[in-house]
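**Q** Test case, fold it:
(one chain, ligands or ions: 2)
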Amino acid sequence: MHQETSSKYSHLKKRAKFASGKSDSSSRENAKTLDFKEKGFRGDDRRGQSRRVKTDSVGSNVEDERYKRRNDSERNGSMKSKNDDYRSKRVERDGGFSFVDKSRNTDSRGRGLKSNYRGRKEGGVQRNETNGFSGRDFDRKKKRVYTNKFTNGETKFHDIVKAPGNKRESQEERGDRRNNTEHGENKNRMFNKRESQDERGDRRKNDEHGENRNGFLRKNREAKSETSKQLHSKQTSFTEDHEYGKKKLQNKKNMADDSMAMFDRPKRKMRLFRIEYPNDTANKRFDNTPPTIDNTTTEQKEDPEDTEENAEMSKNAQFRAIQLSPSIITFVNENLLGRRRELEFKKAGYDIELPSPLDNIPFSTNTERERIEESVFRNKLEFFAAAKVSSSFPSPDLPEIAFAGRSNVGKSSLLNSLTRQWGVARTSDKPGLTQTINFFNLGSKLCLVDLPGYGFAYAKEEVKESWEELVKEYVTTREGLKRVCLLIDTKWGMKARDHELVELMERSKTKYQIVLTKTDLAFPVDVARRATQIEESLKTKKSALQPLMMVSSKTGAGIRSLRTVLSNISRFARF
Ligand SMILES: Nc1nc2c(ncn2[C@@H]2O[C@H](COP(=O)(O)OP(=O)(O)OP(=O)(O)O)[C@@H](O)[C@H]2O)c(=O)[nH]1
Ligand SMILES: [Mg+2]
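**A** Ligands and ions are numbered 1, 2, ... in the order given. Just a heads-up that it's a prediction; the model follows:
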């Protein structure tokens, strides 16, 4: 119990002792400080960081002569001595090795060593905390470690004994090893002694191919040295007996020659490589034959790209120059065709929350809309057949309306939009999704046919050709085909393939109607221009039915009009 309480309050006791100056450690500290002061030093000297100052008889601080140099170097910031580059040393101490970390400036026991090296230089005496002088010091040349040094000159030391496994080589040994490699000559010039000038010259001259790699430099240097030799021979007559002066002069001359060679060095020539392959066109650049400049031919010659661009530009200019009739402008504006803001739809009374809002009647309720809509297109759209070849076409029981056009023009989207049954015909923004002729029943009155697109598509050329052939066969031979809706992208207009199909339908007397799609992506004025342009181009075509339709599956613009036109087919269709 008593022990417990004593241990409990031991720290308090210690604190009291410390305060009264009786504690063991503090008394030890005091003793050290006293010892210091006796020897005339002051301040903390750990790691040799502080300045060594002692008080003179008058009491003022005087720098100790022994530390004056060190203090100066500390002030100048050049504390590092040459020996400090050695990161560590192994020294024998009391029969064993103690690791000395030079980077930390202390050994494993925390004793200062940096100061020891310095101390040896300055007379081998260094202060230590117990006796005022270094307890450890070693002399590398003598290979000896001083364990104690005293002011009276007495020293105790051990000779350094090399550890058998981990010995550090002496400088001479190291040098020998580096000079004498297994092949009898130096491998790594970096570590070798500096070669003499003659040796260096020989090595450079006698390269592996018997000559210098840098032939030019060598030649230049040789030429220069020739002149320098002549000069030298004149000058050496005065200094023949003086070997030292001769060498010095030669060195100077060589240095001057080298620097002259640097300045005189002509610019490097570009090496041209010419690969002699008969079909190699990449050599054009290195063709030495001078170019023949023929002004007449160059003026007459026209860059094909340039002409195409010009033609394209003129096409655009032509497109912009199309004169629009007032009727078409009012039609486009009344039906809100072309690129419009939602605000315009709202102002016109359309519910923009609905899909394809312009497919509704302004300010109408659902029931009203259903009542007015064409009854045919209220029927369910059902896919019933797909054909890759003409032999697999279904029997023509119902009047058929086919949707033809280039890939990605919006054929399948229009089918969905007309019937308001989104997703029945599959659509994609990647051209070439529809690859077969797909037959859809719209109730029992009409059959809608989704044709594969032609032109650009992500498919093999042969496959695309087969689609085209199938489409051509279908539009020319199909019984019951009442109308082909030829879909044209408003942005691009009619292309060659479209014209080709038109010609084909003209020959087969298949009725077709042009439907401009994606009108919401073009400006209203451009929609009107495109419609006028196409109408003009098909004026003479007998099978082309009027009017030209303009739709947008996205906004629903023109869809109702198209529905009305197409529903008439079922009404008047005769079998
Ligand atoms: N903005 C806008 N995009 C449309 C319109 N019609 C179709 N698209 C888009 O155009 C892309 C192609 O539509 P599809 O209906 O798959 O075209 P397609 O002619 O059937 O294409 P293929 O089956 O590959 O021949 C889709 O990403 C549609 O969303 C439209 O009126 N306006
Ligand atoms: Mg499609």
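
**Q** near ligand 2, which residues of the stretch 351-500 of the chain show up?
**A** Within the stretch 351-500 of the chain, the positions adjacent to ligand 2 are 411, 412, 434 by Cβ under 5 Å from the ion. Backbone N, C-alpha and C define where each C-beta goes, glycine included.

**Q** Give me the phi and psi for the nearest residue to the first one once chain neighbours are set aside.
**A** Yep, that's residue 411 we're talking about. Nearest non-adjacent residue to residue 411, counting by Cβ to Cβ, 6 or more residues apart in numbering: residue 403, 4.2 Å away. Dihedral pair for residue 403: phi -120, psi 110, per degrees, to the nearest 10.

**Q** Lowest pLDDT pick from the residues of the stretch 351-500 of the chain next to ligand 2?
**A** Lowest in pLDDT among those is residue 434, which has 89.

**Q** Count residues in the vicinity of that residue, would you?
**A** Residue 434 has 24 neighbours, counted by other Cβ atoms under 10 Å.

**Q** What of the one 10 residues further on?
**A** Applying other Cβ under 10 Å, we find 10 residues neighbouring residue 444.

**Q** right, and the residue nearest to residue 411 touches residue 485 too?
**A** Yes - here residue 403 lies in contact with residue 485, judged by Cβ atoms under 8 Å, at a distance of 4.9 Å.

**Q** Identify the contacts common to these two.
**A** Shared contacts of residue 403 and residue 485, defined by Cβ atoms under 8 Å, 6 or more residues apart in numbering, comprise residue 414.

**Q** show me where pLDDT drops low in the stretch 151-300 of the chain?
**A** 151-248, 253-300 (pLDDT under 70).

**Q** Show me which residues of it are close to ligand 1?
**A** Not one residue of the stretch 151-300 of the chain sits near ligand 1, judged by Cβ under 6 Å from any ligand atom.

**Q** who touches stretch 343-359?
**A** 335-336, 342, 360, 362-363, 417, 420, 422, 552-560.

**Q** repeat that for 10 Å
**A** Contacting residues not belonging to stretch 343-359 are listed as 333-337, 340-342, 360-366, 369, 373, 416-418, 420, 422, 520, 551-560, 562-563 [Cβ atoms under 10 Å, 6 or more residues apart in numbering].

**Q** same thing with stretch 315-333?
**A** By Cβ under 10 Å, 6+ apart, stretch 315-333 touches 314, 337-338, 340, 344, 493, 519, 523-533, 535-536, 547-548, 550, 557-558, 561.

**Q** follow-up on the earlier one: which of the contacts of stretch 343-359 are buried?
**A** Among those, those scoring as buried are 335-337, 340, 360, 373, 416-418, 420, 520, 551-560, 562-563 (criterion: 16 or more other Cβ atoms under 10 Å).

**Q** Can you tell me which of those residues end up in strands?
**A** Among the buried ones among the contacts of stretch 343-359, DSSP state E puts none in strands.

**Q** how close does the residue nearest to residue 411 sit to residue 464?
**A** 18 Å (Cβ to Cβ, to the nearest Å).

**Q** which one of these two has more residues nearby?
**A** residue 403 (27 against 20).

**Q** Is whichever strand or helix holds residue 484 in proximity to ligand 1?
**A** Taking DSSP states H and E as the criterion, residue 484 maps to strand 481-489. No - Strand 481-489 lies apart from ligand 1 when judged by Cβ under 6 Å from any ligand atom; the minimum separation is 6.8 Å.

**Q** Sheet partners, orientation included, of that strand?
**A** Strand 481-489 sits in its sheet next to strand 400-405 (parallel), strand 512-517 (parallel), going by DSSP bridges.

**Q** Which is the succeeding secondary structure element to it?
**A** Beyond strand 481-489 toward the C-terminal end (DSSP H and E), the next one is helix 496-508.

**Q** would you put the C-alpha positions of that following helix in CSV?
**A** Output of helix 496-508 as CSV, limited to C-alpha atoms (Å, rounded to 0.1, in the frame of the first residue of the first chain):
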residue,chain,number,x,y,z
ALA,A,496,-28.2,11.1,-107.9
ARG,A,497,-29.6,7.9,-106.4
ASP,A,498,-32.9,9.7,-105.8
HIS,A,499,-33.0,10.8,-109.4
GLU,A,500,-32.2,7.2,-110.4
LEU,A,501,-35.2,5.9,-108.5
VAL,A,502,-37.4,8.6,-109.9
GLU,A,503,-36.4,7.6,-113.4
LEU,A,504,-37.1,4.0,-112.6
MET,A,505,-40.5,4.8,-111.3
GLU,A,506,-41.2,7.0,-114.2
ARG,A,507,-40.5,4.1,-116.5
SER,A,508,-42.6,1.6,-114.5
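
**Q** How about residues contacting that helix?
**A** Counting by Cβ under 10 Å, 6+ apart, residues outside helix 496-508 touching it are 404-407, 409, 453-456, 468, 471-472, 475-478, 481, 484, 486-489, 492, 494, 510-512, 514, 534, 537-538, 540-544.

**Q** That helix relative to strand 512-517, how many degrees between them?
**A** 160 degrees (axes from the mean of the first three to the mean of the last three Cα atoms, to 10 degrees).

**Q** if we can go back for a sec, please check the contacts of helix 496-508 and keep the buried ones.
**A** For those, buried by 16+ other Cβ under 10 Å: 404-407, 409, 453-455, 468, 471-472, 475, 478, 481, 484, 486-489, 494, 510, 512, 514, 534, 538, 543-544.

**Q** what bits of the stretch 351-500 of the chain have low per-residue confidence?
**A** In the stretch 351-500 of the chain (pLDDT under 70), the answer is 364-374.

**Q** what about the helices in it?
**A** Ranges of helices in the stretch 351-500 of the chain, per DSSP state H, counting those that start in this stretch, are 366-372, 411-419, 461-477, 496-508.

**Q** ranking those by burial, who's on top?
**A** helix 411-419 (a mean of 24; mean count of other Cβ atoms under 10 Å).

**Q** quick one: that helix near ligand 1?
**A** Yes - using Cβ under 6 Å from any ligand atom, helix 411-419 reaches ligand 1 at 411, 412, 413.

**Q** Can I get these in TSV including distance to residue 396?
**A** Listed next are the residues of helix 411-419 next to ligand 1 as TSV, based on distance: Cβ to Cβ, whole Å:
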residue	distance to residue 396
411	20
412	21
413	25
